[in-house]
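Q: Quick one: sequence plus predicted model below, questions after.
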Amino acid sequence: PVYTIHSFCQQILSDNAFESGSLFRNEIINDDDIIRRAAADFCRRTLYEKSGAAVAFFMEYCGFDELVDLYKKRPLSPDLRMKPDVTFSGTERLDELYAEVKNLYYKLSEAWFREHLNVEEIFNNSESLNRSRYRKESMDPLIESMNDYISGGNPLAINKAFEKDKFKNYTPEKLNSSVKKGCEPPVSPVFDICGRLGRAFEEYTETGKAFLVNMKKELISYIDEVLLNLKSVSSRKTYDDLIMDAHRGLRDSRNLVKKVNSRYRAALIDEFQDTDDLQFDIFNRLFNNSAAILFLIGDPKQAIYRFR
């Protein structure tokens, strides 16, 4: 017989319902709506108890749709690990940094109102600046970026208002390293505040990233559990369920492996490069032994799962 991998898994589950712990008949469904509802419930449970800093970081750097896409694109692998490995001890430090960033942003807004003409004069006409680093043709866009940042009213929008690391052009560290030999660096309260704001924002971003990584890890576990509970009391299954249920049955039941082996003595998998880890493990358990034959046909250069 010729099967897709999903239909093969469906066949061995229905043929061996007792051994695999499956129902005799299952309704195959699309679980997009269930995933979105579970993700929405997870966000409510998680963010409702968090501080404004955590919610603000989530809204600025992630969002609901990104969480849903992350879950849908997760690889079906028994060895799934999420990286980077980070330690997140709570949102207290994130709260402190968020308050600091906001405070410095408001100070910067006041200083910019008073000092913007002086800063424009420095950027456009200062003789002490190394013009290979502060090119005159780049100064008007740099000033305009600060205007956009201040007028936007969002302390967290540094990376949106400024291209790449252009905000650093306002910091004493960058200015001090960009003056001609023998010259004094230009000074302004704007520069001092930008230096402090840049450092606080960088630490806030790194702390927030740890919060998001931890949240994403919890999301996958939460939705997995919700789907498992919902489907355990009904006959509804998704295509991913067919793969996971077959893998779970073959892992937990030697009798199931023997019964499948007695019916299928060999397998030939075409386009093998498009199988994921879980799919390969199913066939490895069944056919990679002295009593069976496993043929794999594929081109690794065309693998759609390589990015995973």
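A: Ah, there it is.
Q: Any chance you could spot the residue sitting in the middle of this structure?
A: Centroid check for the chain by C-alpha atoms, centre = their mean gives residue 70 as the closest residue, at 6.5 Å.
Q: Now it: closest residue in space that isn't a chain neighbour?
A: residue 216 (6.0 Å; C-beta to C-beta, 6 or more residues apart in numbering). C-betas here are computed from N, CA, C, even on glycine.
Q: The one you found: neighbouring residues, count only.
A: If you count neighbours by other C-beta atoms under 10 Å, residue 216 ends up with 16.
Q: Please tell me I have it right and the residue nearest to the centre of the chain contacts residue 219.
A: Yes - here residue 70 reaches residue 219: they are 7.2 Å apart, a contact under C-beta atoms under 8 Å.
Q: List the buried residues in stretch 206-221.
A: By neighbour count on 16 or more other C-beta atoms under 10 Å, the buried set for stretch 206-221 is 207, 208, 209, 210, 211, 212, 213, 214, 215, 216, 219, 220.
Q: so what's the residue lying closest to residue 238 once chain neighbours are set aside up against?
A: If the residues on either side of it in the chain are set aside, residue 238 comes closest to residue 31, at 4.5 Å by C-beta to C-beta, 6+ apart. Listed by C-beta atoms under 8 Å, 6 or more residues apart in numbering, the contact set of residue 31 reads 227, 238, 240.
Q: measure residue 31 to residue 237 for me?
A: Relative to residue 237, residue 31 is positioned 9 Å away (C-beta to C-beta, to the nearest Å).
Q: follow-up on the earlier one: buried ones in the helix or strand where the residue nearest to the centre of the chain lies, by neighbour count?
A: Following DSSP states H and E, one finds residue 70 within helix 64-73. By 16+ other C-beta under 10 Å, the buried positions in helix 64-73 come out as 67, 68, 70, 71.
Q: tell me which element the closest residue to residue 10 other than its chain neighbours falls in.
A: Leaving aside its chain neighbours, residue 10 sits nearest to residue 242 (5.0 Å; criterion: C-beta to C-beta, 6+ apart). Assigned by DSSP H and E, residue 242 belongs to helix 239-252.
Q: other SSEs contacting that helix?
A: With contacts taken as 3 or more C-beta pairs under 8 Å, 6 or more residues apart in numbering; DSSP states H and E, helix 239-252 sits against helix 5-15, helix 17-20, helix 254-263, helix 277-287.
Q: ok, of these, where does mean pLDDT dip lowest?
A: Mean pLDDT values for the helices and strands packed on helix 239-252 show the minimum at helix 17-20, a mean of 78.
Q: Direction included, what does the helix or strand following it pair up with?
A: Using DSSP H and E, the helix or strand that directly follows helix 17-20 along the chain is strand 27-28. Sheet pairing here is set by DSSP bridges, and for strand 27-28 it gives strand 236-237 (parallel).
Q: ok, back up a step: for the buried residues of helix 64-73, give me a markdown table that also has distance to residue 290.
A: As requested, those are arranged in a markdown table below (distance: C-beta to C-beta, whole Å):
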| residue | distance to residue 290 |
| --- | --- |
| 67 | 46 |
| 68 | 45 |
| 70 | 41 |
| 71 | 40 |
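Q: So which of the residues you listed is the closest to residue 189?
A: residue 67 (40.7 Å; C-beta to C-beta).
Q: what sits against that closest one?
A: So residue 67 contacts 39, 42, 43, 216, 219 (C-beta under 8 Å, 6+ apart).
Q: try 7 Å
A: If you count contacts by C-beta atoms under 7 Å, 6 or more residues apart in numbering, residue 67 has them with 39, 216, 219.
Q: Take these and write them to a markdown table, including distance to residue 93 and pLDDT.
A: Formatted as a markdown table, those follow (distance: C-beta to C-beta, whole Å; pLDDT from 0 to 100):
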| residue | distance to residue 93 | pLDDT |
| --- | --- | --- |
| 39 | 26 | 93 |
| 216 | 19 | 90 |
| 219 | 22 | 91 |
